[in-house]
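*Asks:* the following comprises the amino acid sequence and a computationally predicted model.
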Amino acid sequence: MYAADLPLFYNAVDILEHNLAKRADKIALCSPSRTLTFRQVSDEVNQTANALRKAGVRFGDVVGILAFDSPEWVITFFATLKIGAVSLGLNTLLTAAEHDYILRDAHCRLLLVQDALWPHIEPIVAGHPFLEQVIIIGDAAAAPITYTHWIATESTQAERQETHREDFATLNYSSGTTGQPKGIPHAHKDLPLTAQLWGVNILGLRETDRTFAVAKLFFTFGTGGNLIFPWYVGASIVLYPGPPRLINNVLELIARFQPTIFYNAPTGYAMALALPDLTEKYNLSSLRLCVSAGEALPAPIWQQWYERTGLEIIDGIGATEIYHIFLSNRPGDIRPGSSGKPFNGFELRLIDEMGNDVPQGDIGNLLVKGETTASFYLHQYEKSRQTFRGEWFFTGDKYWVDEDGYYWHAGRSDDMIKAGGIWVSPTEVESMLLSHPAVLECAVVGKADQAGLFKPQAFVVLQPGTAPSDELAQTLIQYCRERMAEYKRPRWIEFVPELPKTATGKIQRYKLRTD
Ligand code: 3UK
């Protein structure tokens with residue numbers, strides 16, 4: 001399938017609404033709060049679309065959503081697309097300062113916020129130049145209006161805005177080693193394309209499936225895998241509002257809602273495997289296939305999962321810039337530990353520093369070409385020019401190909417770390433450590449834990465007169481834990497007398513990496 005196969009004027013709300021003709025009364029969505037059919041979802045999408053229009057949201061405006069995975073998240077997403085506005089899915093784990101930056105950079109006009117997250121965001125929303133209204137999902141004792149109240153009297157009929165297939169539909173932010181997070185806009189066309197190219201052609205999703213992702217809807221891994229792909233084929237979804245680390249709750253939901261497809265990051269599989277009574281305690285028999293992405297899945301985790309559950313994990317590499325997976329293992333053709341093989345819709349190249357293709361077996365920088373690639377980073381001209389190279393997207397990943405054509409991840413060309421499938425910028429952790437009075441200098445790199453999964457490790461030079469100790473190491477870890485998203489904290493601290501540096505004084509993190 002090509003972009004040109006879609007109608008020129010295409011609105012991705014069709015991914016929801018095409019189901020009304022064939023299966024309106026089928027269950028579309030299960031969640032601990034509500035279970036809804038396609039018709040019920042569509043009615044509420046129309047109510048929300050009308051409420052958005054009444055609030056003055058117009059074609060091209062940005063509607064932010066900062067909420068746990070819920071029916072309201074999904075409904076707001078499609079309502080936003082339906083009126084031709086752009087859905088901004090916000091990462092609930094970021095700091096208020098990061099949300100502040102993103103809401104400004106995106107020119108967010110209306111924001112829906114989870115009740116539990118409102119106190120976190122309330123101090124920063126006042127005075128935002130573009131933000132006109134905040135709606136609270138859940139209970140709101142104080143001023144702003146609640147979602148339920150906001151849509152209550154709206155009609156369940158709404159007109160679909162005609163959009164060009166290349167008009168923007170979604171916006172997600174991704175962090176880099178330096179500078180602010182980058183806004184990545186995707187067009188309406190990207191959603192059905194990625195659903196067909198990977199969801200249908202590679203994963204083999206079908207109408208009878210039910211998907212369940214621990215990866216959240218604010219990541220395109222979650223939005224694609226647990227919303228767009230299943231509804232594209234008329235399958236149903238399970239939404240889990242809680243944090244991924246509460247693995248028992250995740251496994252209980254599998255037993256309760258009986259999904260057939262399960263998406264998680266490698267850490268999620270490692271956490272489940274750490275439970276001695278995993279298969280005795282939890283009924284996983286509804287599952288037919290598992291998916292892993294976000295970071296490389298080590299072969300031992302694949303093996304153990306297969307031995308304990310009898311299930312295969314499909315590891316594929318995706319990126320927000322491409323929307324979803326562009327290189328993947330496939331059912332019946334898996335090489336554990338690798339990212340699999342290229343598939344139709346995406347071309348790959350591995351190049352050296354001079355831009356030449358590397359011989360088979362050598363490590364090169366991975367470039368991808370495909371029609372779901374974003375065109376630019378919002379407001380970041382320089383970074384856009386460096387990354388979107390004509391038809392080719394520079395992933396920042398190093399890869400090599402074995403003699404059978406399977407691709408093996410070999411680290412990053414920048415210093416970024418993926419921990420638990422989510423980006424950790426070393427500079428962010430370093431700044432936090434530097435704000436502690438005992439720290440003179442530091443450098444943060446990725447180090448593999450026992451399961452082969454990467455976590456931040458800090459090399460610290462102490463202030464003169466401060467003595468290193470295990471206790472101080474624990475204090476520094478705790479210091480970070482309390483002040484930043486928990487997964488970003490260093491897991492190991494090494495005290496060193498000095499850090500390796502270039503002639504110009506730049507820290508050479510790569511010299512500190514042991515993995
Ligand atoms: C790394 C992987 C090895 C790699 C994502 C699936 O992770 C996603 O998007 P992000 O923009 O990060 C992209 C980067 O993450 N990575 C992702 N998956 C793998 N490395 N093996 C993997 N299987 O460095 C890549 O450049 O956060 C994943 C679907 C949608 C996504 N957005």
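*Replies:* Happy to help now that I have it. Residues are numbered from 1 along each chain as shown.

*Asks:* residues contacting stretch 415-426, please?
*Replies:* 93, 174-178, 215, 219, 221, 244, 265-267, 293-295, 396, 443-446, 453-456, 487-488, 509-510 (CB atoms under 8 Å, 6 or more residues apart in numbering). C-beta here means a position set from N, CA and C on the backbone, and glycine is covered the same way.

*Asks:* pull out the buried residues from the residues you listed.
*Replies:* 174-177, 215, 219, 221, 244, 265-267, 293-295, 396, 443-446, 453-456, 487-488, 509 (16 or more other CB atoms under 10 Å).

*Asks:* need the helices for the stretch 151-300 of the chain, in chain order.
*Replies:* Applying DSSP state H, counting those that start in this stretch to the stretch 151-300 of the chain gives helices spanning 190-194, 220-223, 229-232, 247-257, 266-273, 278-281, 299-309.

*Asks:* quick one: closest of the ones you listed to the ligand.
*Replies:* Closest to the ligand of the helices of the stretch 151-300 of the chain is helix 220-223 (CB to the nearest ligand atom; 3.6 Å).

*Asks:* and the closest one, does that touch the ligand?
*Replies:* Yes: for helix 220-223 and the ligand, the contact criterion (CB under 6 Å from any ligand atom) is met by 220-221.

*Asks:* quick one: mean pLDDT for the helix ranked longest in the chain?
*Replies:* Counting residues, the longest helix found in the chain (DSSP state H) is helix 38-54. Averaging pLDDT along helix 38-54 gives 98.

*Asks:* for the residue in the stretch 51-200 of the chain that the ligand sits nearest to, which non-adjacent residue is closest in space?
*Replies:* In the stretch 51-200 of the chain, no residue comes nearer to the ligand than S174, which is 4.8 Å away by CB to the nearest ligand atom. Excluding the flanking residues, the one nearest S174 by CB to CB, 6 or more residues apart in numbering is T320, at 4.7 Å.

*Asks:* any idea how far the one you found lies from D100?
*Replies:* T320 sits 21 Å away from D100, going by CB to CB, to the nearest Å.

*Asks:* turn the helices of the stretch 151-300 of the chain into TSV, columns for mean pLDDT.
*Replies:* Shown next, in TSV, are the helices of the stretch 151-300 of the chain (pLDDT from 0 to 100):
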stretch	mean pLDDT
helix 190-194	98
helix 220-223	97
helix 229-232	98
helix 247-257	97
helix 266-273	95
helix 278-281	96
helix 299-309	96
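
*Asks:* for I75, find the nearest of the ones you listed.
*Replies:* Closest approach to I75 among the helices of the stretch 151-300 of the chain is made by helix 229-232 (12.3 Å; CB to CB).

*Asks:* quick one: pLDDT of the residue nearest to the spatial centre of the chain?
*Replies:* With distances taken as CA atoms, centre = their mean, the residue of the chain nearest its centroid is F219 (2.4 Å). Model confidence at F219, given as pLDDT, is 96.

*Asks:* quick one: it from R39, how far?
*Replies:* 28 Å.

*Asks:* point out where this protein drops to low pLDDT.
*Replies:* Within the chain, the ranges that satisfy pLDDT under 70 run 142-143.

*Asks:* what's around T148, how many residues?
*Replies:* Look at T148: counted by other CB atoms under 10 Å, it has 14 neighbours.

*Asks:* try the one 4 residues further on
*Replies:* Burial measure for A152: 10 neighbouring residues, criterion other CB under 10 Å.

*Asks:* what does W118 give?
*Replies:* 20.

*Asks:* now the host helix or strand of it: buried residues?
*Replies:* Taking DSSP states H and E as the definition, W118 sits inside helix 118-125. Within helix 118-125, the residues that count as buried by 16+ other CB under 10 Å are 118, 120-121, 124-125.

*Asks:* now do stretch 184-196
*Replies:* For stretch 184-196, burial by neighbour count (16+ other CB under 10 Å) applies to 184-196.

*Asks:* interface residues of the stretch 251-400 of the chain facing the ligand?
*Replies:* Contact residues, the stretch 251-400 of the chain versus the ligand (CB under 6 Å from any ligand atom): 293-296, 315-320, 324-325, 339, 395-397.

*Asks:* 8 Å - rerun?
*Replies:* 292-297, 315-325, 339, 366, 395-397 (CB under 8 Å from any ligand atom).

*Asks:* so which of those belong to strands?
*Replies:* Per DSSP state E, strands hold the following members of those: 292, 315-318, 325, 366, 395-397.

*Asks:* next, format these as JSON lines and append distance to P359.
*Replies:* Listed next are these as JSON lines, based on distance: CB to CB, whole Å:
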{"residue": "S292", "distance to P359": "29"}
{"residue": "D315", "distance to P359": "25"}
{"residue": "G316", "distance to P359": "25"}
{"residue": "I317", "distance to P359": "22"}
{"residue": "G318", "distance to P359": "27"}
{"residue": "I325", "distance to P359": "26"}
{"residue": "L366", "distance to P359": "15"}
{"residue": "T395", "distance to P359": "20"}
{"residue": "G396", "distance to P359": "22"}
{"residue": "D397", "distance to P359": "18"}
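
*Asks:* for those, work out which two are farthest apart.
*Replies:* Across these, no pair lies farther apart than S292 and G396, at 19.6 Å, counting by CB to CB.

*Asks:* rewinding a little: elements contacting the helix holding W118?
*Replies:* helix 96-105, strand 108-114 (3 or more CB pairs under 8 Å, 6 or more residues apart in numbering; DSSP states H and E).

*Asks:* give me the number of residues near whichever residue of the chain sits closest to the ligand?
*Replies:* Here the chain gets closest to the ligand at one residue, G318, 2.5 Å apart by CB to the nearest ligand atom. By other CB under 10 Å, 22 other residues sit near G318.

*Asks:* so what's it bridging to?
*Replies:* Counting by DSSP bridges, G318 forms beta bridges with I325.

*Asks:* for it, give me its contacts.
*Replies:* 220-221, 224, 293, 324-326.

*Asks:* repeat that with 10 Å
*Replies:* 194, 198, 219-221, 224-225, 293-294, 324-328, 339 (CB atoms under 10 Å, 6 or more residues apart in numbering).

*Asks:* so of the contacts of stretch 415-426, which ones are in strands?
*Replies:* If you go by DSSP E, the contacts of stretch 415-426 have 174, 396, 443-446, 454-456 in strands.

*Asks:* do you know how far H149 is from T309?
*Replies:* 44 Å.

*Asks:* re the thing from before, turn the helices of the stretch 151-300 of the chain into TSV, columns for distance to D139.
*Replies:* Shown next, in TSV, are the helices of the stretch 151-300 of the chain (distance: least, CB to CB, whole Å):
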stretch	distance to D139
helix 190-194	32
helix 220-223	25
helix 229-232	29
helix 247-257	21
helix 266-273	30
helix 278-281	33
helix 299-309	38
